[in-house]
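Engineer: sequence first, predicted model second:
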Number of protein chains: 4
Amino acid sequence: MDNQSDDFMPCPEDRFTFGLWTVGNRGRDPFGHETRPPIDPVESVRRLAELGAYGVAFHDDDLIPPGSSTAEREQILKRFRAALDDTGMRVPMATTNLFSHPVFKDGAFTANDPTVRRYALAKTIDAIDLGAELGAQTYVLWGGREGVECDAAKDVPAALDCYAEAVNAICEYIRDRGYELEVAIEPKPNEPRGDLFLPTVGHALAFINELDHPEMVGLNPEFAHETMSGLSFHHAVAQTLWHDKLFHIDLNAQRIGRYDQDFRFGSEGIRDAFYLVKLLEEAEWDGVRHFDAHAYRTESAEGVWEFARGCMRTYLVLREKAQRFAADSDIQEALAVAKVDGLTERTLVDGPTPESFAALRAEKFDLDALAAYGYGHERLDQLVTELLMGIR
Amino acid sequence: MDNQSDDFMPCPEDRFTFGLWTVGNRGRDPFGHETRPPIDPVESVRRLAELGAYGVAFHDDDLIPPGSSTAEREQILKRFRAALDDTGMRVPMATTNLFSHPVFKDGAFTANDPTVRRYALAKTIDAIDLGAELGAQTYVLWGGREGVECDAAKDVPAALDCYAEAVNAICEYIRDRGYELEVAIEPKPNEPRGDLFLPTVGHALAFINELDHPEMVGLNPEFAHETMSGLSFHHAVAQTLWHDKLFHIDLNAQRIGRYDQDFRFGSEGIRDAFYLVKLLEEAEWDGVRHFDAHAYRTESAEGVWEFARGCMRTYLVLREKAQRFAADSDIQEALAVAKVDGLTERTLVDGPTPESFAALRAEKFDLDALAAYGYGHERLDQLVTELLMGIR
Amino acid sequence: MDNQSDDFMPCPEDRFTFGLWTVGNRGRDPFGHETRPPIDPVESVRRLAELGAYGVAFHDDDLIPPGSSTAEREQILKRFRAALDDTGMRVPMATTNLFSHPVFKDGAFTANDPTVRRYALAKTIDAIDLGAELGAQTYVLWGGREGVECDAAKDVPAALDCYAEAVNAICEYIRDRGYELEVAIEPKPNEPRGDLFLPTVGHALAFINELDHPEMVGLNPEFAHETMSGLSFHHAVAQTLWHDKLFHIDLNAQRIGRYDQDFRFGSEGIRDAFYLVKLLEEAEWDGVRHFDAHAYRTESAEGVWEFARGCMRTYLVLREKAQRFAADSDIQEALAVAKVDGLTERTLVDGPTPESFAALRAEKFDLDALAAYGYGHERLDQLVTELLMGIR
Amino acid sequence: MDNQSDDFMPCPEDRFTFGLWTVGNRGRDPFGHETRPPIDPVESVRRLAELGAYGVAFHDDDLIPPGSSTAEREQILKRFRAALDDTGMRVPMATTNLFSHPVFKDGAFTANDPTVRRYALAKTIDAIDLGAELGAQTYVLWGGREGVECDAAKDVPAALDCYAEAVNAICEYIRDRGYELEVAIEPKPNEPRGDLFLPTVGHALAFINELDHPEMVGLNPEFAHETMSGLSFHHAVAQTLWHDKLFHIDLNAQRIGRYDQDFRFGSEGIRDAFYLVKLLEEAEWDGVRHFDAHAYRTESAEGVWEFARGCMRTYLVLREKAQRFAADSDIQEALAVAKVDGLTERTLVDGPTPESFAALRAEKFDLDALAAYGYGHERLDQLVTELLMGIR
């Protein structure tokens, strides 16, 4: 198969990473059984390295099957580390599975039963040790069971207290151990719970401000999760950057108002994906580009690697389009017509002083002229559309 | 018409308020002309007072038609104030219309043109004076045009800078004047713009933390706006309370994933409305219960007052159901089965100390027993359903 | 537990049925393992009978595990039939699992591979025999895998041809065997496929008209499935009745724009559930009231029976409210104000004749008076809200 | 402005049409006043002709202001016809405004008041005469007010009876007059009513089968309307073609789960737009490509023509991509891997005979092999993504 031009070949410098659970996804869904055999994490590392990836991420259980003995754990780690060493692959992020075991059915950090909450914390600190051992710099926290269907069964403010207590404890543990780990919260609106706590990027950003060590905690926004609610992912990430809280990112694709699809990056919402890539690149954001997606259930094992390759290629194509956007004189002219630079001017040049307010009151506004101005968004948007379609 | 039992008659102590624009809504929509004649604001005050309301809110233009002379403004205010005095009605909240005039078509506080931003600010400080003059304690800020359709035309972080500059200026103005006004931001995900900035309660809560006077700024969450995105309004308000930022509230009804409907409170989503009322009442929240809704377009002027009465009655019915919930022994027993009180216990009783982490590691968890426990949410939820349907 | 008043005790005359897969649901979801042990179908029959149900439905695999020998099949059937006989429970509906096995990953009746389509048909005719053997009158056809994520991989008109060929073959088989079975198609918009064919009640009704034996085929609308798309389920069922195609119904609850939730009937959308029950009862529809829902994952085995009881009780409560609606003089007066009876008058009393058109042209319409009329929907809707909340 | 390459210049042979109301849209929305001056329909005809359009469509009121005298009507028509003659522009479609006037607030053809229904019919037959006079071949029927918010106020089956009576009357009138007009129903799920009748393409297709002259009635599917519900527009149009009922089409863009946006074609959902264009072109569908969209509110008059140009250019770009799809050997190879041609084979080559069923029963299926096959959708979908992005 030779469908790749050389221009869009991923390489480690592009810093693409994949979760072990993404290429390892076996195609099970709520109505169907697995369609693919399990993949050995060591195989995943090798195949992804061949494709040009930079590293992998994992949940504790992805790497070390629950119930493994200490000896088994060491054996697994040794083999895994050897694969990393052989390939030069990195582990920039680790996380904990706090959602699969039935013990978490009422929540993990917000479970009503304090014993369950303690177990969740115990499992988490083990996973943090594992991540730190493998060199992770980011610990992701997705509260997949932190929510409720029967609202009477959860006191939401009390649940948020418990949630904050858990994140505070995690930060304390990291500090106590002297790890170089940052914590990144991953919001999601619903599924697998009826409603999840911290449902959007905004709710999680606000939550962080109430923590003991807000400087240690940021976000891991996911394309699919914001999109499920119909919110703009590009705007969500832009606000996260504005708060200086973009610690990690999960790239995939999703249609609005549906089950969590985790499709290949760019396979839906090309325009949204473009603005996102443009934002990350123009901000010179230095985090890894992590894909949290999986192959369609129709695929055999081979399709999984096509899936992985496609995620990376689409990112690279869009990155090149972002460069073209900056270099396109028609687009730049249209941006000037839209007065985009006007947003960087201060509104009150002398700040909000009494004199400024008096001046505001005295200012004569020609409302008719201001209202009549044409911002040229139709032309600008069409230029972007044509850029995306490759005809400019 | 005698369809009201005496138990649910609103009175000023219930602190119900309505926007002048709500009962004054004339039934225009994107596809149709007005179906009702205009209502004199003085008439609205009188009719709402008769129905048992506590007060009214307004946008500057609702009360003082744009272009009024100073003399006209004084004349209108005099009449309006007389109606307030006659009826004992209050004006707890005021706001500015920054969305109707074409000058705002590219935004108000985030317009690309700084002149438009200055005009928006000038209009706002006039509206603040007007609100303060009539005794308002809350100034609401809904950024109806702060957003975009053509993403290339907005630099989102720069737009957030402008947004913050405007809110900072508003706070400075209020402080400078010595007004007793708090500022409440009202989030909305989209409509009339393709995507709005600060799309949810969460995004706005996070934004406040970046302001110069965060203590002066809180939220005005709206039922319809959170519900449009499919997010739980009850959870949104609970998190707002958790941050101590519930400064005002807009009550109405809405179906998920549709145009902004602003239906009569409780006419959709009875269950969500119940949990909201329960939350506000149990928190003993002392703000006004403000309805931002309007009568169906099928109604004549008389239907408007049926609409207003219905909003208040449904609130009172649900308030009584919240009291029954607390008094119902089956429900209380079911809450115990669900271990709701467990959420108020600390997870780590000695805090996140090294000793606590060591103890966590040593703790033996009986996962099978924890996983097997039945939380009884089906029974609990059914009890609430039956409470809502009035059969317990 | 004594939370049931005697008024709402289900009995077989109410004709409530449950899928074996509903009470047998073990709480697995896309992110979590099973939380409940398997239930023996015979146990389900006994427990449901005790609760007052009328019967059960099943997929072939629910009753006869795939791979069972003929002897095992007979043994299972004998025990199952004995349970039916003991309890008086019936099997009004049967269906085929064409979605769990990986062989169906690209579709069953619309799989691109004709061999898969043939296997789907072979499995279906076996399931039809099984259903007929147990007395089913309705065979339900849910095309859970009939759809696609990658649109290039399906020629939609060709897929609809295959779909029609399969349904025609099923009808032919039923006729050939002389079974008294009707076929009911169950539409769904998406999940587990990105987009499903025949996504709504409307699409399926249209499809039926192209079949060889349209009189044998009708619908099995499901509350959750229409609601996922934000469509009114009450309207969907009303249109199905209008076409005389309501052959079966799946009752449950769902929030708009989310994963398929299959919650307890009435646990979300009380108003929608009420209008549905009112519609079915007023139409004197004689089908069974089938629940296709399952207990929350938080429940132990005992919670499953609370779930089942709750579904039935809510239906009975709403049925009684529909009777009250008809008997409430205020509501009836409000219906008159809304001119509801006007819909049953013919618009052109003499039909669409040239004379009628001439008369139409000559008719003088007092548009101002017609436009000024108030239909009183606010009052009417509030009366219904209060009926639902049990205060009238 | 020279942003157009010569390859994608529209010409009349491309058969692009626009509603007068689309380019004439003045930017009013539920929260804001008009931002653009009115456009003379004659000017619209001239400008669209210059841009390469084929024709225009209109509602009666777009061309003849309500309340015009007969003389005024004739004068308007004379000028308009002259513009058509001068430019060679055509009027392939006409429709009636049955939604703006308050008289229609409770519906038009399904208004509870028979007098309103008669007025709607009288207005419609006048509009049909007007359309026929100008050479229209398609009469579109969008029931913008045919729906309800307060469900108690509508008997849905009775409303469908009235709806059918109206469409039957329209067909009778057309036959009686000997017009060469086909009727095309335009479905929409909601807005401006809470729920609309005939909410999707499917519901309308089913409805047609109950009419007196089903052969005269087909559909006018609209991209935005199906997309509002999250349904695939490409699938909707494919099923409409399958029923041979695609009589007209409305092209625009929309995000799922939002207010009716009517954006420029291709500005959202490039992938969906591509599959739609591919479908129409490969089916060699001979209808006009009609745009029912409007310029953003940020635009001055000049932006309107950029908007119109953009709609057509994007269609032409996607049409060329559909040709490339057919010519791309990698894509064709991937289609073979996906077994797309297998859908055109019959499942039962000898039809649904007893012998076929016996053969089915005897057939040995190698389920493991069938389940293991990889359909290669990831590669295929990525190839399409790269085609869309212009890198192949």
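Structural biologist: Nice, thanks for sending it over.

Engineer: figure out the helix or strand that residue A:167 lives in.
Structural biologist: Using DSSP states H and E, residue A:167 sits in helix A:156-177.

Engineer: quick one: secondary structure of the closest residue to chain D within the stretch 101-250 of chain A?
Structural biologist: Using C-beta to the nearest C-beta, residue A:230 is the residue of the stretch 101-250 of chain A that sits closest to chain D, at 4.8 Å. In short, each C-beta sits where N, CA and C put it, glycine included. Using DSSP: H, G, I helix; E, B strand; the rest coil, the secondary structure recorded for residue A:230 is coil.

Engineer: how many other residues sit next to it?
Structural biologist: Applying other C-beta atoms under 10 Å in any protein chain shown, we find 25 residues neighbouring residue A:230.

Engineer: can you report how many residues lie near the closest residue to residue A:201 other than its chain neighbours?
Structural biologist: Take residue A:201 and drop its neighbours on the chain: the residue closest to it by C-beta to C-beta, 6 or more residues apart in numbering or on different chains is residue A:236, 4.1 Å away. Residue A:236 has 28 neighbouring residues, counting by other C-beta under 10 Å.

Engineer: contacting residues for residue A:236?
Structural biologist: Going by C-beta atoms under 8 Å, 6 or more residues apart in numbering or on different chains, residue A:236 touches A:200, A:201, A:202, A:221, A:226.

Engineer: ok, and the most crowded of those?
Structural biologist: residue A:201 (33 neighbours).

Engineer: tell me the confidence at that residue?
Structural biologist: In this model, residue A:201 is scored at 98, pLDDT.

Engineer: that one contacts residue B:203, correct?
Structural biologist: Yes: contact between residue A:201 and residue B:203 holds when scored by C-beta atoms under 8 Å: they sit 7.2 Å apart.

Engineer: what sits in contact with each of those two?
Structural biologist: In contact with both residue A:201 and residue B:203: residue A:239, using C-beta under 8 Å, 6+ apart.

Engineer: for whichever residue of the stretch 101-250 of chain A sits closest to chain C, grab the count of nearby residues.
Structural biologist: Evaluated by C-beta to the nearest C-beta, the stretch 101-250 of chain A has residue A:102 as its residue closest to chain C, separated by 4.1 Å. Neighbours of residue A:102 under the rule other C-beta under 10 Å: 22.

Engineer: ok, now the one 3 residues further on?
Structural biologist: Residue A:105 sits with 29 neighbouring residues when counted by other C-beta under 10 Å.

Engineer: and the gap between it and chain B?
Structural biologist: According to C-beta to the nearest C-beta, to the nearest Å, residue A:105 and chain B sit 7 Å apart.

Engineer: that residue touches residue C:35, doesn't it?
Structural biologist: Yes: in this structure, residue A:105 is within contact of residue C:35 by C-beta under 8 Å, at 5.1 Å.

Engineer: and for those two, which residues touch both?
Structural biologist: In contact with both residue A:105 and residue C:35: B:371, C:27, C:297, C:298, using C-beta under 8 Å, 6+ apart.

Engineer: got the contact list for the third one?
Structural biologist: With contacts taken as C-beta under 8 Å, 6+ apart, residue C:297 has the following neighbours: A:102, A:105, A:192, C:27, C:29, C:32, C:35.

Engineer: as a markdown table, the shared contacts of residue A:105 and residue C:35 with pLDDT would be great.
Structural biologist: Shown next, in a markdown table, are those (pLDDT from 0 to 100):
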| residue | pLDDT |
| --- | --- |
| B:371 | 98 |
| C:27 | 98 |
| C:297 | 98 |
| C:298 | 98 |
